Each structure stands twice: as C-alpha cells, then as structure tokens.
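In: Sequence and predicted structure are below.
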Amino acid sequence: MALGTAIVVGVGPGLGVALARTFAGAGHPVAMLSRDKSRLDAYAAELASTGQEVRGYPSDVTDPDGLRATLRTAITELGAPDVLVYNAAVVRKDAPIGGDDKDWADVLAVNVLGARVAADAVLPALRDGRGSLLFSGGGLAHSPSAEFASLSIGKAGIRTYAQVLHEKLAGTGVHVTSVTIAGAIGGGEERFDPAVLAQAYLDLHNQPETEWQHELLRD
C-alpha cells in the first residue's frame, strides 16, 4: 500500500533537506516548504533519484493565510499526508529587551505561530485521520539563553504547544511529539548529524502507539 505524503516545513541545507531525503527514501511523497524557491528546486532535482515525487513549495510561514493555501495545494497535488514535520525557525542572537517590535513579531510567527497554523491545516487532511505531527525543538526550551532570547522563547513555546496538542489528541490515532535537539546540528557529533536526526523523526513516525510521548530529547 502506498504511503501518504510527508510535509516538511522549513527545508534548508541541514536538517530540513535531510528530513526530506529520509522520508522520500522511506517511500513517502514529500512536500518541501521554505521561502527559497531556487533552493527548493535544487533539492527536488537531487531527490528525484529516490523514485518518489518530491516537490518544493515556496512559502512564508509568517503569512498564515498563505501558509494554509500552500499546504492545501501540496496536499491536492501529492495526496493526503501521513506526517507533518515543522522545522522552521529563526536562529539569531538577540536580547530580551530592545529590538524592533515588528521584527520580534515576525520571528515568533516563524518559531511558534507557524507551527500551530501548519498543524491546524494538516490535521483534518491526515490520511484516514491518523498520522504524525512532529515539531523541531531545541535545548533552549530547557536552558534558555539571554543571548538567544527570541529563539529560547520560541523553542519553549513549540515544546509546550506539542505537549498540549499531544494531550488534546490522545487516543485519536494522531502522534504529536517535539524533538528537542540539545546540541549543534551538523557540529561534528554523530548523534547531531542531520541524517541521524532525520532517521529519529522517521522512527518516531513509525513508533507503536503504546510508546508515544510528547517529547523526544536528543542530548
């Protein structure tokens, strides 16, 4: 039986493309979302060799209506999803005071609000009403840093969102988990290698329901 679509929101040169590569290699059609169309086109061309349909969909997650519309298009073109991975984040140094208000609002829209919008759009479209909603978290959710204020707040927010959504959807056949990555992705340690981390997401998607929890901590 054919597998449903894997939707990866936030596809860049590290974990994002590794997630697309891993789910495509496992037999899923893959929808890749990010702002950079040229990058998406290059990834789609690279992943064509998997034999699965892999398409890029340019999207700005700070635009809720636009994100919903893009997700609807991807689902229409590639089929009902089995899994959503929300991997979008703005990684930057900033302080808990000062800065531009609109800029902060945009950053939090990427780091937190986009996750809720994506989940809200994908949940009713899941194949047979079952599947996985997986969110990329970070160690700053547990150990926040004043030098990375907005990212610390964002990772705490997405961890909490996954926890309450996990509770809300318990018993429905929908697996909700945040993957808290407490280390430098691609920094040289094998457990933080993008391909190794991507395999952990795939393993979560295929995990027996008796083992479901709201968080996987990779430290």
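Out: Received the coordinates, thanks. Numbers count the residues shown, from 1 in each chain.
In: make it CA atoms for all contacts and neighbour counts henceforth
Out: OK.
In: what does stretch 68-79 rub up against?
Out: Outside stretch 68-79, the residues that touch it by CA atoms under 8 Å, 6 or more residues apart in numbering are 4-5, 29-31, 53, 57-59, 81, 117-118, 121-122, 125.
In: cutoff 10 Å now
Out: Contacts to stretch 68-79, defined as CA atoms under 10 Å, 6 or more residues apart in numbering, come from residues 3-7, 9, 28-33, 53-61, 63-67, 80-81, 114, 117-122, 125-127.
In: Buried members of those residues into ChimeraX, please.
Out: Only the buried entries of the contacts of stretch 68-79 go into this ChimeraX selection, using 16 or more other CA atoms under 10 Å:
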select :4,5,6,7,9,28,29,30,31,32,33,53,54,55,56,57,58,59,60,61,63,64,67,80,81,114,117,118,119,121,122,125,126,127
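In: all helices of the protein, in order?
Out: Listed in chain order, the helices found in the chain under DSSP state H are 15-25, 37-47, 64-78, 101-108, 114-122, 149-168, 194-205.
In: List the buried residues for the fourth one?
Out: I take that to be helix 101-108. Of the residues in helix 101-108, those with enough neighbours to count as buried (16+ other CA under 10 Å) are 107-108.
In: Which strands or helices does it pack on?
Out: Based on contacts counted as 3 or more CA pairs under 10 Å, 6 or more residues apart in numbering; DSSP states H and E, the elements that helix 101-108 packs against are helix 149-168.
In: now the helix it packs on: how far from the chain's centre is it?
Out: Shown here is helix 149-168, whose average C-alpha point lies 13 Å from the average C-alpha point of the whole chain (CA atoms, centre = their mean, to the nearest Å).
In: Please renumber the chain so that the first residue is 18 from this point on.
Out: Yep, numbering from 18; the last one is helix 166-185 now.
In: List the buried residues of it.
Out: Burial within helix 166-185, assessed by neighbour count using 16+ other CA under 10 Å, is assigned to 166-180, 182-183.
In: Who are the packing partners of that helix?
Out: Using 3+ CA pairs under 10 Å, 6+ apart as the contact criterion, the neighbours of helix 166-185 among helices and strands are helix 118-125, helix 131-139, strand 148-155, strand 191-198, strand 232-235.
In: For residue 103, which of these is the nearest?
Out: Nearest of the helices and strands packed on helix 166-185 to residue 103, taken as CA to CA: strand 148-155 at 4.8 Å.
In: for the record, mean pLDDT for that closest one?
Out: For strand 148-155, mean pLDDT rounds to 98.
In: How about exporting it as CSV, limited to the C-alpha atoms?
Out: These are the backbone C-alpha positions of strand 148-155, laid out as CSV (Å, rounded to 0.1, in the frame of the first residue of the first chain):
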residue,chain,number,x,y,z
GLY,A,148,-0.6,10.2,11.3
SER,A,149,2.2,12.2,12.9
LEU,A,150,2.7,15.9,13.7
LEU,A,151,6.4,16.3,14.6
PHE,A,152,8.0,19.6,15.7
SER,A,153,11.7,20.5,15.8
GLY,A,154,12.5,21.8,19.3
GLY,A,155,15.8,22.8,20.9
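In: between it and strand 191-198, how big is the angle?
Out: Between the axes of strand 148-155 and strand 191-198, defined by axes from the mean of the first three to the mean of the last three CA atoms, to 10 degrees, the angle is 20 degrees.
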